[in-house]
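In: sequence plus predicted model, see below.
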Amino acid sequence: MSLQSLQIEIEKTRSSAITDLQNITSEKIDFFKNKYLSRKGEIALLFEKLKILSVNDKKLAGKFLNELKTEVTSQFDSKLLELNDSSKQEEKLFDYSLPGRISSKGSLHPITQTMMEIKNIFNRMGFSSEYGPEIEDDFHNFSALNFPPDHPARDLQDTFFINQNILLRTHTTSVQIRAMETGKPPIRIIMPGRVFRNEAISARSYCLFHQVDGVYIDKKVSMADLKGTLINFAKQFYGNSIKFKIRPSYFPFTEPSLEMDISCFLCKSKGCRICKQSGWLEILGAGMIHPNVYKNVGLNKNEWNGFAFGMGIERITILRMGIDDIRMLYENDIRMLKQLA
Ligand SMILES: [Zn+2]
C-alpha cells in the first residue's frame, strides 16, 4: 500500500462520516460510534494500515489520520450536544395548560342509597344488621310466621315456589325467624335484603324488590316503644317537620298490627299525584310479635315480647325521587341514574 492510496481511503472515510453525521438522529448515535470511532471502527482500521508504510510515509499518514480522528470526534461531540438540546426543546414545548382527560364518576344506585340511609339510622338506635338466604323454606317464610295453610300468599300466583317446600322468600321477615331460633333475646336487629313476588310487572309492582325488616325482642317491650322507634326513624329519614298517623292493620305475624302514614312531603299535604290527593303516604307496617311466633321458635311468650316492622325500599325510593314508576329503578338507564345521583 502506498501513501497515496491511504490518503484516498482517509478522504473517503471523512466524507462518509460527515454525511452520516449530517443525517444522524438519537437512535443512530451508537451505530455511528461503532462504525467510525470504536476500536474496530473504520478510523482504527486505517491506523492499522500505517504499519505497512515506510518510516517517512508513516509520519505523514499518521498526521493525516490524527487530523481525521480529531475532526470526526469533535463534529460527533457537537452533534451530540445539539441532539440533547433539541430533546429539551421538545420538553419545553409541552403545554401544561391542556385540559386533562375527564374520567366519568359513578354513583350508588338509588335503592342502595336508600338502604344505606335506613341502615345508618337504625344502627345509631342500636339495631345491628342481619342477612338471610334468598332461597327459603316454607317454615321460615310462612309457617313459623303464623301464615295459615290457606293464606293467599301461599298461592302459586303470589310466590315463586321451587318445589312444595322451597321458595324464593317473599319478605325479609324470614330472617327474623332465623335470628329467633339461633339467638337468645334480647334481639335488636334490622334485616335488609331482596325479596321476590310472583306479580305482573307494572308501574306499581315488580317481580323482585327490597325490604328492610326490623325486630326488637326483650322483656317488657311495649307498643309505646314501637311507636317511639318508628317516629324517631321517620323524623330522621323524612325530616322533623313531617306529621304522622298510625292506623290499625293486619299481618299474620303481629298482633296488634298497624300501618304508619306520614304527611306527603312532596306537596306539603296539599294533595298531589303521588299521594293520590290524600296528603298522606303509607311508609311502613309494624306490630307487636304474635304469641304463636314465639311458640313456633321455642321461646316462652310469657317471658319475652317485642315488636316487628318492615318497609319496602323501592316505594320509599320512588316517593323521595318523585317518580311514579317502579320499573324505572330496574331499567338502569344511565341518563336517569345520573339525575337521581
Ligand atoms: Zn302529595
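Out: Yep, that arrived. All values reported here derive from a predicted model rather than from experimental measurement. Numbers count the residues shown, from 1 in each chain.

In: pull out the buried positions in the longest helix seen in the chain.
Out: If you go by DSSP state H, the chain has its longest helix at helix 55-92. Using 16 or more other CB atoms under 10 Å as the test for burial, helix 55-92 gives 57, 61, 64, 65, 68, 69, 72, 76, 79. Backbone N, C-alpha and C define where each C-beta goes, glycine included.

In: over to stretch 231-248?
Out: Judged by neighbour count using 16+ other CB under 10 Å, the buried positions of stretch 231-248 are 233, 234, 236, 237, 238, 242, 244.

In: restricting to C-alpha, output stretch 94-111 in CSV.
Out: In CSV, the C-alpha atoms belonging to stretch 94-111 read as follows (Å, rounded to 0.1, in the frame of the first residue of the first chain):
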residue,chain,number,x,y,z
PHE,A,94,-45.3,20.8,26.3
ASP,A,95,-48.5,22.7,27.0
TYR,A,96,-49.2,22.3,30.7
SER,A,97,-52.5,24.3,30.3
LEU,A,98,-54.0,21.5,28.2
PRO,A,99,-57.2,20.2,29.9
GLY,A,100,-56.8,16.7,31.3
ARG,A,101,-58.9,13.7,30.3
ILE,A,102,-62.1,13.6,32.4
SER,A,103,-62.9,10.2,33.8
SER,A,104,-66.6,9.7,34.4
LYS,A,105,-67.8,9.3,38.0
GLY,A,106,-70.2,6.5,39.1
SER,A,107,-72.6,6.8,41.9
LEU,A,108,-74.6,4.4,44.2
HIS,A,109,-77.9,3.2,42.8
PRO,A,110,-80.8,5.0,44.4
ILE,A,111,-82.0,1.7,46.0
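
In: now what about it, what contacts it?
Out: With contacts defined as CB atoms under 8 Å, 6 or more residues apart in numbering, stretch 94-111 is touched by 116, 210, 313, 314, 317, 321, 329, 332, 337, 338, 340, 341.

In: and those, which is the shakiest by pLDDT?
Out: Lowest-confidence member of those: residue 341, scoring 69 (pLDDT).

In: name only those of the contacts of stretch 94-111 that count as buried.
Out: For those, a burial check counting by 16+ other CB under 10 Å picks out 210, 313, 314, 317, 329, 337, 340.

In: is the fourth one in a helix, a strand, or coil?
Out: Applying DSSP: H, G, I helix; E, B strand; the rest coil to residue 317 yields a three-state assignment of helix.

In: enumerate every residue touching the residue of the stretch 101-250 of the chain found nearest the ion.
Out: The nearest approach of the stretch 101-250 of the chain to the ion comes at residue 242, 12.0 Å away (CB to the ion). Going by CB under 8 Å, 6+ apart, residue 242 touches 234, 235, 262, 263, 265.

In: which ones among those residues lie within helices?
Out: Secondary structure from DSSP H places 234, 235 of the contacts of residue 242 in helices.

In: list just the nearest of the contacts of residue 242 to residue 24.
Out: residue 265 (76.5 Å; CB to CB).

In: how much space between the closest one and residue 213?
Out: According to CB to CB, to the nearest Å, residue 265 stands 23 Å off from residue 213.

In: in the protein, which spans are strands?
Out: 128-129, 135-137, 166-168, 187-196, 208-218, 244-251, 254-263, 280-289, 305-312 (DSSP state E).

In: I'd like the distance from the first one to the chain centre, please.
Out: Averaging C-alpha coordinates over strand 128-129 and over its chain gives two centres that are 22 Å apart (CA atoms, centre = their mean, to the nearest Å).

In: ok, what's across the strand from residue 215?
Out: Listed by DSSP bridges, the beta-bridge partners for residue 215 are residue 189, residue 308.

In: tell me the pLDDT of it.
Out: pLDDT, residue 215: 96.

In: over to residue 90?
Out: Confidence score, pLDDT, at residue 90: 67.

In: the one 4 residues further on too?
Out: Predicted confidence (pLDDT) for residue 94: 79.

In: neighbours of it, how many?
Out: 7 (other CB atoms under 10 Å).

In: and the gap between it and residue 18?
Out: Taking CB to CB, one finds residue 94 at 34 Å from residue 18.

In: columns distance to the ion on top of the contacts of residue 242, output as TSV?
Out: As requested, the contacts of residue 242 are exported to TSV (distance: CB to the ion, whole Å):
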residue	distance to the ion
234	16
235	18
262	11
263	9
265	8
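
In: can you lay out the contacts of residue 242 as CSV showing pLDDT?
Out: As requested, the contacts of residue 242 are arranged in CSV below (pLDDT from 0 to 100):
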residue, pLDDT
234, 92
235, 92
262, 91
263, 91
265, 83
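
In: a markdown table for the contacts of residue 242, including distance to residue 8?
Out: Converted to a markdown table, the contacts of residue 242 look like this (distance: CB to CB, whole Å):
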| residue | distance to residue 8 |
| --- | --- |
| 234 | 104 |
| 235 | 104 |
| 262 | 106 |
| 263 | 108 |
| 265 | 101 |
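
In: re the thing from before, and the furthest pair within the buried residues of stretch 231-248?
Out: 236 and 244 (12.7 Å).
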